[in-house]
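K.L.:
Please find the sequence and the predicted model below.
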Amino acid sequence: MLKNFINSASAKTEVDTSSLSSWLDLDKIARVELTSEDPEHPFEEALRTDTSQGWKASTPGPQVLRLHFDEALRISRIHLRFREESVERSQEIALIATFDGGPARELVRQQWTFSPNGAMTEEETYFFDLKSVTSIELQIDPGRHNKQAYATLQTIQIG
(Lines give C-alpha, C1' and ligand atoms only; values in the text may rest on other atoms or scores of the structure.)
Protein backbone atom coordinates (compact mmCIF):
# COMPACT_ATOMS: atom_id res chain seq x y z
CA MET A 1 0.00 0.00 0.00
CA LEU A 2 1.26 3.47 -0.85
CA LYS A 3 1.38 5.80 2.15
CA ASN A 4 1.64 9.56 2.48
CA PHE A 5 1.54 11.65 5.57
CA ILE A 6 -1.31 14.02 4.48
CA ASN A 7 -1.38 16.02 1.18
CA SER A 8 -2.44 14.39 -2.13
CA ALA A 9 -4.87 14.42 -5.15
CA SER A 10 -7.69 12.26 -6.56
CA ALA A 11 -8.67 10.23 -9.66
CA LYS A 12 -11.20 10.74 -12.49
CA THR A 13 -12.99 7.58 -13.71
CA GLU A 14 -15.60 5.59 -11.77
CA VAL A 15 -15.71 1.92 -10.82
CA ASP A 16 -19.13 0.53 -9.81
CA THR A 17 -18.74 -1.59 -6.65
CA SER A 18 -22.45 -1.91 -5.80
CA SER A 19 -22.78 -5.38 -7.33
CA LEU A 20 -19.70 -6.83 -5.65
CA SER A 21 -20.40 -9.36 -2.92
CA SER A 22 -17.00 -9.01 -1.31
CA TRP A 23 -15.09 -6.09 0.12
CA LEU A 24 -12.72 -4.02 -2.01
CA ASP A 25 -9.00 -4.79 -1.89
CA LEU A 26 -8.02 -1.38 -0.51
CA ASP A 27 -4.37 -2.38 -0.43
CA LYS A 28 -4.41 -2.48 -4.26
CA ILE A 29 -6.83 0.32 -5.23
CA ALA A 30 -6.07 3.10 -2.75
CA ARG A 31 -3.31 5.04 -1.10
CA VAL A 32 -3.56 6.24 2.46
CA GLU A 33 -2.67 9.53 4.09
CA LEU A 34 -2.46 9.55 7.86
CA THR A 35 -1.47 11.91 10.61
CA SER A 36 0.60 9.32 12.50
CA GLU A 37 1.28 5.61 12.77
CA ASP A 38 2.82 3.34 15.38
CA PRO A 39 5.43 1.28 13.45
CA GLU A 40 4.32 -1.83 15.35
CA HIS A 41 0.68 -1.24 14.34
CA PRO A 42 0.75 -0.04 10.69
CA PHE A 43 -2.39 0.87 8.77
CA GLU A 44 -2.13 -2.28 6.63
CA GLU A 45 -3.08 -4.30 9.72
CA ALA A 46 -6.52 -2.60 9.72
CA LEU A 47 -7.10 -3.93 6.20
CA ARG A 48 -6.75 -7.53 7.37
CA THR A 49 -9.57 -9.53 8.94
CA ASP A 50 -7.39 -12.44 10.02
CA THR A 51 -5.65 -10.52 12.82
CA SER A 52 -6.72 -8.42 15.77
CA GLN A 53 -3.68 -6.14 15.72
CA GLY A 54 -5.10 -3.24 13.66
CA TRP A 55 -3.71 0.29 13.27
CA LYS A 56 -2.63 2.54 16.11
CA ALA A 57 -1.54 6.17 16.14
CA SER A 58 1.97 7.02 17.27
CA THR A 59 0.85 10.25 18.91
CA PRO A 60 -2.10 10.94 21.22
CA GLY A 61 -5.10 13.02 20.25
CA PRO A 62 -7.27 13.38 17.14
CA GLN A 63 -6.13 11.56 14.00
CA VAL A 64 -7.05 11.52 10.30
CA LEU A 65 -6.93 8.50 7.99
CA ARG A 66 -7.69 9.37 4.36
CA LEU A 67 -8.04 6.76 1.60
CA HIS A 68 -7.59 8.12 -1.96
CA PHE A 69 -8.86 5.76 -4.64
CA ASP A 70 -7.02 5.17 -7.92
CA GLU A 71 -10.38 5.48 -9.73
CA ALA A 72 -13.64 7.06 -8.57
CA LEU A 73 -15.86 4.42 -6.94
CA ARG A 74 -19.47 3.70 -6.24
CA ILE A 75 -19.61 2.77 -2.55
CA SER A 76 -22.47 0.97 -0.86
CA ARG A 77 -21.04 0.17 2.58
CA ILE A 78 -18.25 0.90 5.02
CA HIS A 79 -17.43 -1.40 7.92
CA LEU A 80 -15.45 -0.17 10.94
CA ARG A 81 -14.33 -2.08 14.01
CA PHE A 82 -12.64 -0.48 17.02
CA ARG A 83 -11.35 -2.27 20.11
CA GLU A 84 -10.03 -0.86 23.38
CA GLU A 85 -9.14 -3.31 26.16
CA SER A 86 -7.12 -1.23 28.58
CA VAL A 87 -8.36 2.37 28.88
CA GLU A 88 -11.82 3.79 29.53
CA ARG A 89 -12.38 6.53 26.98
CA SER A 90 -15.07 8.33 25.00
CA GLN A 91 -14.38 8.39 21.27
CA GLU A 92 -15.92 10.31 18.38
CA ILE A 93 -15.50 9.40 14.72
CA ALA A 94 -16.58 11.07 11.51
CA LEU A 95 -16.65 9.58 8.00
CA ILE A 96 -16.30 12.05 5.13
CA ALA A 97 -16.52 11.32 1.41
CA THR A 98 -15.02 13.41 -1.38
CA PHE A 99 -16.66 13.19 -4.79
CA ASP A 100 -15.24 13.64 -8.28
CA GLY A 101 -16.07 17.19 -9.31
CA GLY A 102 -17.93 17.96 -6.10
CA PRO A 103 -17.50 18.96 -2.48
CA ALA A 104 -16.72 16.71 0.46
CA ARG A 105 -19.69 15.51 2.51
CA GLU A 106 -19.90 14.23 6.06
CA LEU A 107 -21.57 10.80 6.02
CA VAL A 108 -21.54 9.76 9.68
CA ARG A 109 -20.60 11.21 13.05
CA GLN A 110 -20.80 8.89 16.03
CA GLN A 111 -19.65 8.76 19.65
CA TRP A 112 -19.25 5.89 22.09
CA THR A 113 -17.47 4.99 25.30
CA PHE A 114 -15.06 2.09 25.74
CA SER A 115 -14.75 0.41 29.13
CA PRO A 116 -12.28 -2.40 29.93
CA ASN A 117 -14.89 -3.83 32.32
CA GLY A 118 -17.70 -3.69 29.78
CA ALA A 119 -17.86 -2.38 26.22
CA MET A 120 -14.45 -3.07 24.66
CA THR A 121 -15.54 -3.35 21.00
CA GLU A 122 -17.50 -1.05 18.71
CA GLU A 123 -18.39 -2.47 15.31
CA GLU A 124 -20.57 -0.75 12.71
CA THR A 125 -21.48 -1.27 9.07
CA TYR A 126 -22.85 1.85 7.40
CA PHE A 127 -24.87 1.54 4.17
CA PHE A 128 -24.85 4.17 1.42
CA ASP A 129 -25.42 4.73 -2.28
CA LEU A 130 -22.46 6.95 -3.07
CA LYS A 131 -21.35 7.61 -6.65
CA SER A 132 -18.02 8.96 -7.95
CA VAL A 133 -16.24 8.77 -4.59
CA THR A 134 -12.57 9.73 -4.88
CA SER A 135 -11.66 9.53 -1.19
CA ILE A 136 -12.96 8.48 2.20
CA GLU A 137 -11.67 10.20 5.31
CA LEU A 138 -11.98 8.79 8.81
CA GLN A 139 -11.49 11.32 11.60
CA ILE A 140 -10.95 9.79 15.04
CA ASP A 141 -10.99 11.75 18.29
CA PRO A 142 -9.98 8.91 20.62
CA GLY A 143 -10.48 10.80 23.87
CA ARG A 144 -13.11 13.48 23.70
CA HIS A 145 -12.31 14.34 27.34
CA ASN A 146 -8.75 12.98 27.42
CA LYS A 147 -6.45 14.39 24.77
CA GLN A 148 -3.73 11.92 25.81
CA ALA A 149 -5.69 8.93 24.45
CA TYR A 150 -4.33 7.08 21.40
CA ALA A 151 -6.53 6.37 18.37
CA THR A 152 -6.85 2.79 17.15
CA LEU A 153 -8.71 1.08 14.32
CA GLN A 154 -8.95 -2.67 14.27
CA THR A 155 -10.63 -3.04 10.86
CA ILE A 156 -11.83 -0.94 7.93
CA GLN A 157 -13.59 -2.46 4.92
CA ILE A 158 -15.28 -0.72 2.00
CA GLY A 159 -17.62 -2.28 -0.53
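P.N.:
On my side now, so go ahead.
K.L.:
only C-alpha atoms for contact and neighbour calcs from this point on.
P.N.:
OK.
K.L.:
And the pLDDT at the residue lying closest to residue 57 once chain neighbours are set aside?
P.N.:
Spatial nearest neighbour of residue 57, chain neighbours left out: residue 37 (4.4 Å); criterion: C-alpha to C-alpha, 6 or more residues apart in numbering. On pLDDT, residue 37 comes in at 97.
K.L.:
sec struct for residue 37, please.
P.N.:
coil (DSSP: H, G, I helix; E, B strand; the rest coil).
K.L.:
pretty sure it contacts residue 54?
P.N.:
No: applying C-alpha atoms under 8 Å, one finds residue 37 not in contact with residue 54, separated by 10.9 Å.
K.L.:
Between these two, which contacts overlap?
P.N.:
residue 43 (C-alpha atoms under 8 Å, 6 or more residues apart in numbering).
K.L.:
if I look at residue 129, how far off is residue 24?
P.N.:
Remark: distance between residue 129 and residue 24 (C-alpha to C-alpha, to the nearest Å) = 15 Å.
K.L.:
which stretch of helix or strand covers the most centrally placed residue in the chain?
P.N.:
Central residue of the chain (C-alpha atoms, centre = their mean): residue 138, 4.4 Å from the mean position. Assignment of secondary structure by DSSP states H and E places residue 138 within strand 121-141.
K.L.:
For that strand, list every residue counted as buried.
P.N.:
130-141 (16 or more other C-alpha atoms under 10 Å).
K.L.:
for the residues you listed, which one is nearest residue 156?
P.N.:
The nearest member of the buried residues of strand 121-141 to residue 156, counting by C-alpha to C-alpha, is residue 138 at 9.8 Å.
K.L.:
So the closest one versus residue 153, what's the distance?
P.N.:
10 Å.
K.L.:
And the strand holding residue 138, what does it pack against?
P.N.:
Contacts defined by 3 or more C-alpha pairs under 8 Å, 6 or more residues apart in numbering; DSSP states H and E place strand 121-141 against strand 14-16, strand 63-83, strand 89-99.
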